[in-house]
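> I would like to see how this sequence folds:
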Amino acid sequence: MKTCIMCGGEGTRLRPLTFDRPKPMIPLLNKPSLVHLVEHLAIEGFNDIVLTLGYLGGEIEAALGDGSMYGVHIEYVYEKEKLGTAGGVKNAEELFEGEPFMVVGGDHVMNLGLREFVRFHEKNDAPVTIGLISIDDPRDYGIADLDANNRINRFFEKPGPGEIFSNLASTGIYVCDPEVLKWIPKKKYDFAKDLFPKIMKKGETINGFLVRGRWTDIGNPQAYREACRWMLEQMPGTKISGSLSIKNAKVTGPIDIGHDVSLGSNSAVVGPIVIGENTSIGDNVLIGPYTSIGSNCTIGSNSRILSSYLFDDVEIGKNTAVSGAVIDNGTMIKDSCILETGTVIGPRVIIEDGVTIHSGVRLWPEVTAKKGTRVRETLVNKDFGNETNGS
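Okay, the predicted model is just below:
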């Protein structure tokens with residue numbers, strides 16, 4: 001069975017992390033999240049993959065190639081205009097060769113048993129089966145009213161207060177019979193908003209399958225941090241890929257450390273943690289659990305990095321505290337700064353000495369936070385878009 005991975009969205013809710021890259025290429029433990037997804041599909045036996053591409057899609061094709069390095073075969077279909085979720089799959093119709101297929105989102109992070117899902121679809125008579133999972137807050141998802149026969153009686157997209165009749169949320173993973181493609185017009189069209197209501201109105205059955213395991217998407221910064229934390233929790237043990245220089249420091253696993261990493265005197269690293277190659281950590285530094293640090297990074301002495309996610313070429317000065325933050329490539333944070341929980345720092349940002357970034361604030365690419373200031377609101381760069389809603 002072919003699997004279609006939808007990668008056409010702009011990732012506006014994840015800005016400023018998606019200005020330089022498409023959403024599926026955001027690093028997750030120093031590896032693009034889409035690579036984690038492809039590797040999981042390969043493990044589950046889904047080796048024939050179709051990727052629908054839109055925004056910055058060339059970066060995805062350049063990174064994955066024909067898929068052979070991951071044990072899969074990948075074909076690509078580009079969208080010339082925004083087609084929505086169902087429209088994007090319709091655009092790749094000829095590659096499915098009239099056979100059933102599975103659809104997943106390019107921003108999905110999971111360890112679900114997909115083969116069991118497919119077998120359920122094959123044994124039950126419905127043109128579409130939707131993967132459902134129980135979550136605490138389903139307001140950002142489509143929710144389903146599922147009966148004891150696994151039939152979906154109602155489906156409602158992004159419910160508000162008083163509309164949440166179920167906490168069974170759609171994972172955005174679908175197994176479809178080929179006839180479904182005949183019901184999708186060649187225009188912008190969505191599965192949840194357009195196709196599923198149309199199918200139910202026609203009196204056709206839509207089944208739901210209760211998936212087991214862990215699933216999330218990385219549609220917003222909070223979900224991204226949760227996905228990183230979950231992936232770090234899965235680390236099996238300690239891995240050191242090359243030269244590691246330690247000067248009277250303390251290391252507690254699990255950790256995954258790349259080549260040519262140095263750790264200064266009296267510093268402490270407490271796993272689970274991932275550290276990329278050519279990264280230097282100064283003296284008296286605390287790197288707390290649930291942290292990933294990219295390649296070619298520098299952490300100054302007396303700093304604290306806790307539950308944070310640093311990409312490549314990030315420089316952290318002395319006596320700086322970073323807690324629950326995401327920091328993109330090439331950013332420089334100078335001495336005696338504080339980054340509070342939920343801050344998202346875009347690429348090539350400069351944060352000068354003594355700056356405090358308040359919780360939840362985002363800094364757009366290439367902005368500068370001036371010395372000694374408290375940044376309470378998002379700093380936008382007019383050379384980049386400012387939309388943070390949408391896909």
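
> now residue 293: phi and psi?
For residue 293, the backbone dihedrals (degrees, to the nearest 10) come out as phi -130, psi 130.

> repeat that for residue 296.
phi 60, psi 40.

> quick one: residues contacting the residue nearest the centre of the chain.
Nearest to the mean C-alpha position of the chain, counting by Cα atoms, centre = their mean, stands residue 218 at 3.3 Å. Neighbouring residues of residue 218 by Cβ atoms under 8 Å, 6 or more residues apart in numbering: 14, 23, 26, 28, 33, 107, 109, 224, 227. C-beta here means a position set from N, CA and C on the backbone, and glycine is covered the same way.

> now with 7 Å, please.
Counting by Cβ atoms under 7 Å, 6 or more residues apart in numbering, residue 218 makes contact with 23, 26, 33, 107, 109, 224, 227.

> what's the answer for residue 134, then?
Contacts of residue 134 by Cβ under 7 Å, 6+ apart are 167-168.

> ok, now how distant is it from residue 144?
Distance, residue 134 to residue 144, by Cβ to Cβ, to the nearest Å: 11 Å.

> okay, now residue 72: neighbour count?
Neighbours of residue 72 under the rule other Cβ atoms under 10 Å: 18.

> I meant to write residue 376 there.
With other Cβ under 10 Å as criterion, residue 376 counts 11.

> quick one: it and residue 156, what's the gap?
Residue 376 is 36 Å from residue 156, by Cβ to Cβ.

> again, but for residue 270
43 Å.

> related to what we said a few turns ago, need the nearest residue in space to the residue nearest to the centre of the chain, chain neighbours excluded.
Leaving aside its sequence neighbours, residue 218 sits nearest to residue 224 (Cβ to Cβ, 6 or more residues apart in numbering; 4.4 Å).

> what comes up buried for the helix or strand where that neighbour lies?
Assigned by DSSP states H and E, residue 224 falls within helix 221-233. Using 16 or more other Cβ atoms under 10 Å as the test for burial, helix 221-233 gives 221, 223-225, 227-232.

> residue 247: which of those residues is nearest?
The closest of the buried residues of helix 221-233 to residue 247 turns out to be residue 232 (Cβ to Cβ; 25.4 Å).

> correct me, but that closest one touches residue 272?
Yes: Residue 232 is within contact range of residue 272, at 4.1 Å (criterion: Cβ atoms under 7 Å).

> right, I'll call it a day here.
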